[in-house]
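Colleague: Quick one: sequence and predicted model below, then my questions.
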Amino acid sequence: MNFTYRGRCWKFGNDIGVDGDLMPLEFAMQRETRLEVLAPHTMKGVDPAFAARAQPGDIMVAGRRFAQGNPHIQGLLGIAALKLGLVVESIPRGSLRNAVNAGVPLLPSCPGVTAQVETGEELEVDFATGRLRNLTRGTQLSFAPLDKELRDIIAIGGWRPALERRIAAMGRRT
């Protein structure tokens, strides 16, 4: 997996909720996990046209407590389905786990990042090193990347491929 994304910035504020903002609650209640079903509803509560306008490689940048509330995975699966990167000032632990499990490349602790970008600017983010370049402004920021073990889970597509790999490895040892 290429951990460097280059694309349009989509900036969101603080306290984006999992249910309602990131994804309609009905999908969590239905336990929907099909990416093709979830993708068109991503960020519907904040920007109903977002999923139709976002392109693979674009980068969502959000403030504090992104994906707050019940730790349902559907919204993070929607982000993964759209093939977007995620840079946030902070994210609750349950949603961080769900982002990794969904296979979303992210930088989870980027204080002040929302003051350095605007929607529509061109960004380049190296999720392996934590480097964020705002190509529109000609600026560069550095943040702590996720641990390599978590990036490895993201690189293979999330929890399901990671589990399948571990089970296969256990079978080879016996």
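Modeller: That came in fine, so what should we check first?

Colleague: quick one: low-confidence parts of this protein?
Modeller: 174 (pLDDT under 70).

Colleague: All the helices of it, in order from the start?
Modeller: Secondary structure of the chain (DSSP state H): helices at 25-29, 35-38, 50-53, 74-81, 93-102, 148-155, 159-173.

Colleague: could I get the ones you listed as TSV with mean neighbour count?
Modeller: Placement of C-beta: from N, CA and C, glycine included. Converted to TSV, these look like this (neighbours: other Cβ atoms under 10 Å):
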stretch	mean neighbour count
helix 25-29	15
helix 35-38	15
helix 50-53	15
helix 74-81	27
helix 93-102	21
helix 148-155	16
helix 159-173	11
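
Colleague: Including distance to Arg8, could those go into a markdown table?
Modeller: A markdown table is the format used below for the helices of the chain (distance: least, Cβ to Cβ, whole Å):
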| stretch | distance to Arg8 |
| --- | --- |
| helix 25-29 | 25 |
| helix 35-38 | 21 |
| helix 50-53 | 9 |
| helix 74-81 | 14 |
| helix 93-102 | 20 |
| helix 148-155 | 21 |
| helix 159-173 | 28 |
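
Colleague: Please report how far the closest residue to Leu106 other than its chain neighbours lies from Ser95.
Modeller: Residue nearest to Leu106 in three dimensions, not counting chain neighbours: Leu86, with 4.0 Å by Cβ to Cβ, 6 or more residues apart in numbering. Separation of Leu86 from Ser95 (Cβ to Cβ, to the nearest Å): 10 Å.

Colleague: same question, Glu26
Modeller: Noted for Glu26: a distance of 19 Å to Ser95, by Cβ to Cβ.

Colleague: Leu82 too?
Modeller: 17 Å.

Colleague: got it, and Gly112?
Modeller: Distance from Gly112 to Ser95, by Cβ to Cβ: 20 Å.

Colleague: what do you get for Leu35?
Modeller: 18 Å.

Colleague: Kindly report the same for Asn134.
Modeller: In terms of Cβ to Cβ, Asn134 sits 25 Å off from Ser95.

Colleague: so Gly45 touches Glu26, yeah?
Modeller: No - using Cβ atoms under 8 Å, Gly45 is not in contact with Glu26, being 11.7 Å away.

Colleague: coming back round to it: give me every residue that touches the residue nearest to Leu106.
Modeller: Going by Cβ atoms under 8 Å, 6 or more residues apart in numbering, Leu86 touches 59-60, 62, 66, 79, 99, 104-107.

Colleague: would you list the residues you listed in CSV and tack on distance to Gly171?
Modeller: Output for these, formatted as CSV (distance: Cβ to Cβ, whole Å):
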residue, distance to Gly171
Ile59, 38
Met60, 38
Ala62, 40
Phe66, 38
Ile79, 32
Ala99, 29
Val104, 29
Pro105, 29
Leu106, 31
Leu107, 35
